[in-house]
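> Show me the folded form of this:
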Amino acid sequence: MGMEKLLVVKFGGSVLEDGESIRRAAEAVRRERLRNRGVVVVVSAMKGTTDRLLETARKISQSPAPEMVDYILALGEEESARIMTAALRSIGLDAVEVTPDSPSWPIVTEEEHGCAEPLLEECRNRVELGLKPLIERGKVPVVCGFIGKSPSGKVTTLGRGGSDITAVLLARLLGAEELVLVKDVGGIYSADPHRVGDARLIEDLEAEEAYLLASAGAKVLHSKVFKYKPEGLKVRVTSNSGRLEEGGTLIHGEVPDLQVVSYDRPVLLVTVVGDGLSNQRALAEMTEEIVGRGMKVLSLRADDRAVNLIIDGEPSEVLEAVHRVACSENLLKGLSALEDLALITVKGRRLEALPEAIQRIAEPLAKRGIKIYESLTIHNSVSLLIRWGRREEALRLIRETLGCV
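Have a look, this model is predicted:
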């Protein structure tokens, strides 16, 4: 069976809560096999199991060793794999469980416990030697999510969202056509549907948009999914409805590995100083006035004593607009502006692995006497303002420093 027709589907623990939900998941897999698609199943521990096992570990020892915790927690995913394998076999599919003890086990990690990083090339070799031959023989592998195995043979775990990481990693290494993440909600919503009553389903989402939501704490998807997502892989987030090929949220496009980009026009940094400037009406009126004059507010940062705005617009008009609103609200003590600034942004999934990113960006600029007038960090992007005339030099320095020339 060609790899171009391969689907990787991950069932979260919250949708594997009882026999009915497991049967429905198994039927969904059978539908895909009837469509002549190869399927690899990844499973999380059944709902409530991980918490129960963690409690058991803590009863064994008040301060259990991370190695022991991983070993115990892995039992949850192993249980799920065996139960799902049995369910698939009961409806006529040639399923085989793949646990850390299996000769076809694919996920090899570093030796760390609790949040181990996969060793990509080791995983690739294991997939080629163990998992691919199973698929080519028409079998349905059922792989434990969340779990890894270190080169020394110890059981490890991948941390929060670990089953999603397992699934996207396997999809990448197998060259899968699509990855389906089955959750307890119908997809990605405009807000958490458990907390916001009128949250709406987003049917179509750019990968960069989904990455920003995940990085900001959206629980339905882990940001590390995008660390391993290959170019061209479609990702669908959906519910356990019995149909995997439709519905939910389809994520497409790519998240850049690491990009250093510049806004294409000089911008203005306006600072307003006064009392009570965090007043929401005043902030709203400022932005409305600026936008109403055909200009753009690119960033706004406020506390009770000052407001900083980065604006794309004609300087005299910007100052007039901000001054008028601040005076009308009787908040203004002073107003200043820096013109002809370049807004440079560093973004991408590799930024997650660079906790010292701001320092690495700033140091080469400082050595060359390039002053940073403002810096902003939003999740996995860093933006800064420098003089427009030194923009090209700054771009080159940052790209060289971060290795993304």
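> Just the buried residues of the longest strand seen in the chain, please?
Scanning the chain for the strand with the most residues, using DSSP state E, yields strand 332-347. By 16 or more other Cβ atoms under 10 Å, the buried positions in strand 332-347 come out as Leu332, Leu335, Ala337, Leu338, Leu341, Ala342, Leu343, Ile344, Val346, Lys347. The way it works is simple: take the backbone N, C-alpha and C, and place the C-beta from them, glycine included.
> pretty sure the fifth one contacts Gly389?
No. At 10.0 Å, Leu341 does not count as touching Gly389 under the criterion of Cβ atoms under 8 Å.
> Mutual contacts of those two, please.
Residues touching both Leu341 and Gly389 (Cβ atoms under 8 Å, 6 or more residues apart in numbering): none.
> Ala199 contacts Gly186, correct?
No. Counting by Cβ under 8 Å, Ala199 does not reach Gly186; the two are 10.7 Å apart.
> what's the closest non-adjacent residue to Arg236?
Of all residues not flanking Arg236 in the chain, Val180 sits nearest, at 4.8 Å (Cβ to Cβ, 6 or more residues apart in numbering).
> which SS class is that neighbour?
Here Val180 is strand, with the state taken from DSSP: H, G, I helix; E, B strand; the rest coil.
> gap between it and Gly369?
Val180 sits 52 Å away from Gly369, going by Cβ to Cβ, to the nearest Å.
> And those two? Which one has more around it.
Neighbours were counted for Val180 and for Gly369 using other Cβ atoms under 10 Å; Val180 has more, 23 against 7.
> elements contacting the helix or strand where Arg89 lies?
Secondary structure assigned from DSSP states H and E places Arg89 in helix 66-90. Judged by 3 or more Cβ pairs under 8 Å, 6 or more residues apart in numbering; DSSP states H and E, helix 66-90 is in contact with helix 19-34, strand 38-43, helix 49-60, strand 95-98, strand 140-144, strand 147-149, strand 155-157.
> Remind me what the strand or helix carrying Val9 packs against, helices and strands.
Assigned by DSSP H and E, Val9 belongs to strand 6-11. In this structure, strand 6-11 packs against helix 19-34, strand 38-43, helix 162-174, strand 178-183, with contacts taken as 3+ Cβ pairs under 8 Å, 6+ apart.
> quick one: strands adjacent to the helix or strand just after the last one?
On the C-terminal side of strand 178-183, the nearest following helix or strand under DSSP H and E is strand 204-206. Each strand paired with strand 204-206, and its direction, by DSSP bridges: strand 249-252 (parallel).
> Report the buried residues of the partner strand.
Within strand 249-252, the residues that count as buried by 16+ other Cβ under 10 Å are Thr249, Leu250, Ile251.
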